[in-house]
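> with the input below, show me the fold.
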Amino acid sequence: MGVAAFVLVAILLMVRYAKGFVANIAVLLGIIIGCLVAVGLGKMSFDKVAKAPWVDVVTPFAFGMPSFDPLMILTMTLVMIVVMIESTGMFLALSEITGRKLDRRALCAGLRTDGLGTLIGGLFNTFPYTSFSQNVGLVGITGVRSRSVCVAAGLIMLVLGLPPKIAALVESIPGFVLGGAGLVMFGMVAATGVRILANVDFKTNRNNLYIVAISIGFGMIPLVAPRKRLVVAGPTLKFNLPAGFLDLSLLAGKEWNHCGLAFCTDHEHGFDAQWILSAAWGIPFQAGPVPLKFQGFINYNSEKGKDYSGVKTEAETLMRTSLIVDVGQMAAGRKNTLLLGVGYELWLNKFGNHTTAAGVTKPGINTYAPTLQMEWHF
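Presented below is the predicted three-dimensional model:
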């Protein structure tokens, strides 16, 4: 943490007091300074650099020739839609930084370039190449807006990709050094987003307020939502039925949970140990040409002490069961890939006891709900 703060301060000082070229490469110099400090503290190792060869060439299709699977294609399509949404936001930020209006044609060209980069990355055995917000932040920090510089940087990166020692050296950079520099780059993207919002009409168009409010709300979910960590241990009896399985378990569990909501008096809470009785089953069968499966589980969790607000918990019972159709087998002959079905959920004393605003302790609610279920195994 101290080294990350030192890197951040070094970058800010160079941006504030340095001139010309030094100010433009303040982030790179900050990373180099951080690495020197890490070496002096013994926190950076060069073992991988010593073992890596000097020159090597990336071989296309090193993992074999591509195969075309409808389910995998659909999965990657969904991933690329998410990537395109992210890239659109970065294109808008870049447009604001450079002062160049982003029209439909330029946006489409940028998304096509991301798609081409993803295709080339797949040919050379790596992850999709898409726009990165760090680079957008660098444009704001350095003030360099020339596409010729980007092309030159790309050519330099191609050359640096030939010596594996360079890749090993970059991999050796400690995370806390990159974290100090990342605060500046990612923060610049956030600041650009705020600057874009300053030009939005919130007074006469209330819809813009809802768009921003919902976006911020979704972004805060990882911060305030509970993060449950449960460790269990105990015996499980497995019964191999003529068709399917039945598992019976007696487990001892210990739960830790994070609560980011305001009413939680203990935001990092450890519950008492508890007993868990569990049964799970899966029974496949055929109804004419339709492959079906009856599956589900039932858990009984004993009380686990007091919750975030100091209220004593009680036992909970959760049962989920469903009847599903193996659509993947019917459509493409691939078993257990795409499953669709209906089910039912029974949850008694859901989330245990709780305290109302008036300070009255009430039992958890009971839910009885039909469900729609989709499973995608890939």
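> okay, helices next: where are they in this structure?
Using DSSP state H, the helices assigned to the chain run over residues 2-17, 20-24, 26-40, 47-51, 70-98, 104-123, 133-142, 147-160, 164-172, 175-197, 206-224, 327-332.
> out of the ones you listed, which one sits most buried?
Compared across the helices of the chain, helix 133-142 shows the largest average neighbour count, a mean of 20 (mean count of other Cβ atoms under 10 Å). For the C-beta atoms, the positions are set from N, CA and C on the backbone; glycine is no exception.
> on that earlier part again, make JSON lines from the helices of the chain and add mean pLDDT and distance to residue 377 to it.
Output for these, formatted as JSON lines (pLDDT from 0 to 100; distance: least, Cβ to Cβ, whole Å):
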{"stretch": "helix 2-17", "mean pLDDT": "88", "distance to residue 377": "40"}
{"stretch": "helix 20-24", "mean pLDDT": "81", "distance to residue 377": "49"}
{"stretch": "helix 26-40", "mean pLDDT": "90", "distance to residue 377": "41"}
{"stretch": "helix 47-51", "mean pLDDT": "87", "distance to residue 377": "35"}
{"stretch": "helix 70-98", "mean pLDDT": "83", "distance to residue 377": "9"}
{"stretch": "helix 104-123", "mean pLDDT": "87", "distance to residue 377": "22"}
{"stretch": "helix 133-142", "mean pLDDT": "74", "distance to residue 377": "32"}
{"stretch": "helix 147-160", "mean pLDDT": "87", "distance to residue 377": "37"}
{"stretch": "helix 164-172", "mean pLDDT": "88", "distance to residue 377": "32"}
{"stretch": "helix 175-197", "mean pLDDT": "80", "distance to residue 377": "33"}
{"stretch": "helix 206-224", "mean pLDDT": "80", "distance to residue 377": "25"}
{"stretch": "helix 327-332", "mean pLDDT": "83", "distance to residue 377": "8"}
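> redo these as TSV? Include distance to residue 307.
Supplementary listing: the helices of the chain in TSV, determined by distance: least, Cβ to Cβ, whole Å:
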stretch	distance to residue 307
helix 2-17	35
helix 20-24	52
helix 26-40	42
helix 47-51	46
helix 70-98	35
helix 104-123	46
helix 133-142	38
helix 147-160	52
helix 164-172	43
helix 175-197	34
helix 206-224	16
helix 327-332	41
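> do you know which of those lies nearest residue 302?
helix 206-224 (27.9 Å; Cβ to Cβ).
> as PDB, could you dump the C-alpha coordinates of that closest one?
As requested, the backbone C-alpha atoms of helix 206-224 are provided in PDB (Å, rounded to 0.1, in the frame of the first residue of the first chain):
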ATOM      1  CA  ARG A 206     -36.300  14.000 -16.300                       C
ATOM      2  CA  ASN A 207     -35.500  10.700 -18.300                       C
ATOM      3  CA  ASN A 208     -31.800  11.600 -18.100                       C
ATOM      4  CA  LEU A 209     -32.100  11.600 -14.300                       C
ATOM      5  CA  TYR A 210     -33.500   8.100 -14.300                       C
ATOM      6  CA  ILE A 211     -30.800   6.900 -16.700                       C
ATOM      7  CA  VAL A 212     -28.000   8.200 -14.500                       C
ATOM      8  CA  ALA A 213     -29.700   7.100 -11.200                       C
ATOM      9  CA  ILE A 214     -30.300   3.500 -12.400                       C
ATOM     10  CA  SER A 215     -26.700   3.300 -13.800                       C
ATOM     11  CA  ILE A 216     -25.200   4.500 -10.500                       C
ATOM     12  CA  GLY A 217     -27.500   2.100  -8.600                       C
ATOM     13  CA  PHE A 218     -26.400  -0.900 -10.600                       C
ATOM     14  CA  GLY A 219     -22.800   0.100 -10.200                       C
ATOM     15  CA  MET A 220     -23.100   0.300  -6.400                       C
ATOM     16  CA  ILE A 221     -24.600  -3.300  -6.100                       C
ATOM     17  CA  PRO A 222     -21.100  -4.900  -5.700                       C
ATOM     18  CA  LEU A 223     -20.300  -2.400  -2.900                       C
ATOM     19  CA  VAL A 224     -23.500  -2.800  -0.800                       C
END
